[in-house]
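Undergrad: no FASTA, just this:
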């Protein structure tokens, strides 16, 4: 009957791992599964606990780093969000960009942003430009390669 408790604990830990990621909780789930096997084989509770702890530690120290490296590869890369995600986008000039006159706007996804030319050249309205930088609420743009 003890092996049921170990399996339920392992199942609950797997569910928790699904929400957390990183394979930390999963190492304890493997420990609980080992405890379930030990209980099913008729080992005493002391052996069940000892094996569960050993397998959890072994998984956490030796197997988890490889799992994180190979299974989560690329997921920990920096994800650009908010205004950082604008850099590299191609948009249209909605008001002529002229540094001398202090004018210039681009429209990004329906939002109008103040824009300046990267090389201080005048960029006429309707030109397709690429966003190269962002400083506060001002986007720096350059004409897109056609």
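TA: Looks like it arrived, so ask away. Small disclaimer: the values here were computed from a predicted structure and weren't measured. Numbering: from 1, shown residues only.
Undergrad: please report phi then psi for the residue lying farthest from the centre of the chain.
TA: Centroid-distance maximum for the chain: residue 42 at 43.8 Å, with C-alpha atoms, centre = their mean. Main-chain dihedrals, residue 42, degrees, to the nearest 10: phi 90, psi 10.
Undergrad: then residue 89?
TA: Phi and psi for residue 89, reported as degrees, to the nearest 10, are phi -70, psi 150.
Undergrad: quick check: next helix or strand after the least confident helix or strand in the chain by mean pLDDT?
TA: Ranked by mean pLDDT, DSSP states H and E, the helix or strand of the chain with the weakest confidence is helix 64-71, at a mean of 80. Using DSSP states H and E, the helix or strand that follows helix 64-71 towards the C-terminus is strand 90-98.
Undergrad: let me see the backbone angles for the nearest residue to residue 68 once chain neighbours are set aside.
TA: Excluding the flanking residues, the one nearest residue 68 by C-beta to C-beta, 6 or more residues apart in numbering is residue 23, at 5.9 Å. Just so you know, the C-beta spots here come from the backbone N, C-alpha and C atoms, and that holds for glycine as well. Phi and psi for residue 23, reported as degrees, to the nearest 10, are phi 70, psi 10.
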